[in-house]
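Chemist: I'd like to go over a predicted model; first the sequence, then the structure.
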Amino acid sequence: MDLSLQDLGFQDKSSRNSHGAFLCDHFDAELVHKIAQLLLPGLASACVDTTMGDLFRTPSSVAIETRKEMVDFLTQKSEAHIAESMIEEGSTDSGNPIDSISDFMDDFVDSKKNLLSRVSAWVLSDRREDKIDDFMQELETNGFWLISRRESVAEILLRNIDLKGNYYCGFKFENRDEFIEHRGNCRFRLLNCGNEGCDSTFCAVYAEKHDMGCPFKVLPCDQKCSESILRREMDKHCITVCPMRLVNCPFYQVGCRSSFPQSKIEDHCRECLESHLVFVLQLIHKRDASSIDDLKERASLLEKASLVLR
């Protein structure tokens, strides 16, 4: 069973508020999602702790009631947070919203611990964590409190904490046309990546950040060859097939220590023909030619030299 926002005490969102103004309700979707991800582990912890050692109740039997209590608790704490900050620090700076909501969550979970759960947290912490993980998996499997519902709660908490509007829009418009125009340019509007193969969605404010790291973006070769490569395949290209990758001279083993782009091998061998022959001759005169292996190696080197001379 999944409660609606109305069941949790919230009014349905609308782009037009009660005063007739059009309100932009765009949020930092990435931050909202991160906050929403905190809610289910917090709920699982509270349900496990409140029923620890109880013979008549299980975590699942108290999940709906505990969720309602948790949302009420977090809402009240978030509404009081700004006032407390202003009194204590004389500032409306809310800090990191995730840190603040994590602290609220810890306070709620701590308030639900009975005596046995407090002892278990101290003595049998591994067992407690296993129970929390198992119950959270059960909630996810049963579709309890879907991520979309949790994100709606997260938006309300974020709006309460973020008095400066750093993470949501909140602009109001009396004129519908102005509102529609703004929605198309709002920094928190959702965008889809335009790179083929990428299904990422992000706020417009993060478009540049995504573009700088999108693995599906096609880029000019880092080593300045003529090809354009997907960012995620760039390293492999540069190391394996790029004509501009650095390689050692074919005569490296006999003394030439030059390195150059793979496409320049022929130019190098042609320009350094004399020095390569010198290296080969030096090797012939220095080595003892009594073994078969030496003779084979010498023949191979001379064959390389003859190919270059053609």
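Modeler: Looks like it came in fine.
Chemist: elements contacting the biggest helix by length in the chain?
Modeler: The longest helix of the chain (DSSP state H) is helix 63-89. Judged by 3 or more CB pairs under 8 Å, 6 or more residues apart in numbering; DSSP states H and E, helix 63-89 is in contact with helix 29-50, helix 97-111, helix 147-161. Placement of C-beta: from N, CA and C, glycine included.
Chemist: For the second one, give me every contacting residue.
Modeler: Applying CB atoms under 8 Å, 6 or more residues apart in numbering, the contact partners of helix 97-111 are 31, 34-35, 38-39, 42, 45-46, 49, 69-70, 73-74, 77-78, 81, 94, 157-158, 161-162, 167.
Chemist: If you count neighbours, what's buried in the longest helix of the chain?
Modeler: Along helix 63-89, these residues count as buried under the neighbour rule (16 or more other CB atoms under 10 Å): 63-64, 66-67, 69-71, 73-75, 77-78, 81-82, 85.
Chemist: For residue 169, which residues are in contact?
Modeler: The neighbours of residue 169, taking CB under 8 Å, 6+ apart as the test, are 24, 25, 26, 27, 186, 187, 188.
Chemist: From residue 156, how far off is residue 171?
Modeler: 18 Å (CB to CB, to the nearest Å).
Chemist: Residue ranges of each domain in the chain, please.
Modeler: The record's domain parsing of the chain by the TED database lists 27-85+94-168, 249-308.
Chemist: Redo the ones you listed as JSON lines? Include distance to residue 178 and mean pLDDT.
Modeler: Output for the domains of the chain, formatted as JSON lines (distance: least, CB to CB, whole Å; pLDDT from 0 to 100):
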{"stretch": "domain 27-85+94-168", "distance to residue 178": "18", "mean pLDDT": "88"}
{"stretch": "domain 249-308", "distance to residue 178": "57", "mean pLDDT": "72"}
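Chemist: among these, which is nearest residue 221?
Modeler: When those are ranked by proximity to residue 221, the top entry is domain 249-308, at 11.4 Å, counting by CB to CB.
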